[in-house]
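1. Sharing a model that was predicted from the sequence below.
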Amino acid sequence: MKWFTTLFSSALGRKLLMALTGLFLITFLVVHLIGNLQLLKDDGGQAFNIYSEFMGHNPLIQTISKVNFALIMIHVVWAILITRQNRAARGQGYAINNKSSHWTSRNMGILGTIVLIFLVVHLRHFYAELHWGTTPMVTYDGKEMNDAYTLVAYWFSKAWYSGLYVVCMIGLAFHLWHGFASAFQTLGLNHVKYNPVISFVGRAFAIIVPALFALIPIMMFLK
């Protein structure tokens, strides 16, 4: 196991771990988006509440959720380490010395910080409230469950929160703009023949997924 610890304590190992955790989180975003789009159904929140109940009590989903949270923390910590390592190697700011790269690449730390701030606020207002707060209950077919839809609708009715959500999704979009293709490159999954496809898919993902996330609070705020 020494080779394993040596690998992930090296600069290359940290980048590999960033790529692997990043790709896992990209998959999580798709699953999370599919569930959140239930909020836009005109059914009084029933579809979203049933989805939320399933996600909150299914043992497999809960295990994956905890693994996902751990990976987010690893992703954040390794991002900080890599950023500090890059700055130390150059002697000054990355953005100053490498003007040839895209600004999203030079500012991944800042973009990641925006996403992290959003996650903290998001977990505080939704996850913590659903698990330890006083969320109202609702009953479907004789089964009582948390009325998660009412909680989400409450926060998305506030202009500052919906605005913050949209701004953070813009930050996520820029983070994904560089991170998606970069993860494939780090893992060696790049080829001159397929790189244009990976780049196109990555940029399409970086636009479409955050845009759909941002659409949800906008639609609910207007409604």
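-> Happy to help now that I have it.
2. what's the average pLDDT for the helix or strand harbouring His178?
-> Secondary-structure element containing His178, defined by DSSP states H and E: helix 159-186. For helix 159-186, the per-residue pLDDT values average out at 85.
3. ok, the closest residue to Asn195 other than its chain neighbours to His32 distance?
-> Leaving aside its sequence neighbours, Asn195 sits nearest to Ala181 (C-beta to C-beta, 6 or more residues apart in numbering; 7.9 Å). Any C-beta I mention is one placed from the backbone N, CA and C, and that applies to glycine too. Look at Ala181 and His32: by C-beta to C-beta, to the nearest Å, they are 21 Å apart.
4. Which one's more surrounded, those two?
-> Counting neighbours by other C-beta atoms under 10 Å for Ala181 and for His32 shows that Ala181 has the greater number, 20 against 15.
5. May I ask you to confirm that that one is in contact with Ile198?
-> Yes: with contacts defined as C-beta atoms under 8 Å, Ala181 counts as touching Ile198 at a distance of 5.6 Å.
6. State the three-state secondary structure for Val192.
-> State at Val192, reduced to three classes by DSSP: H, G, I helix; E, B strand; the rest coil: coil.
7. Got the phi and psi for it?
-> Geometry field for Val192 lists phi and psi as phi -60, psi -30, criterion degrees, to the nearest 10.
8. Which pLDDT value goes with it?
-> Reading off the model, Val192 has pLDDT 75.
9. Next: Gly13.
-> 67.
10. Likewise for the one 3 residues further on?
-> On the pLDDT scale, Leu16 is placed at 73.
11. so it sits right up against Leu189, yeah?
-> No: taking contact to mean C-beta under 8 Å, the distance of 11.8 Å between Leu16 and Leu189 leaves them out of contact.
12. Name the residue in these two with the higher neighbour count.
-> In this view Leu16 and Leu189 are compared by other C-beta under 10 Å, and Leu16 has more residues nearby, 18 against 13.
13. Excluding residues flanking it in the chain, which one is nearest the more buried one?
-> Nearest in space to Leu16, with sequence neighbours left out and distances taken as C-beta to C-beta, 6+ apart, is Thr186 at 6.2 Å.
14. measure the one you found to Phe24 for me?
-> With distances defined as C-beta to C-beta, the gap from Thr186 to Phe24 amounts to 14 Å.
15. Low-confidence stretches in the chain?
-> Regions of the chain meeting the criterion pLDDT under 70 cover residues 1-14, 78-112, 190.
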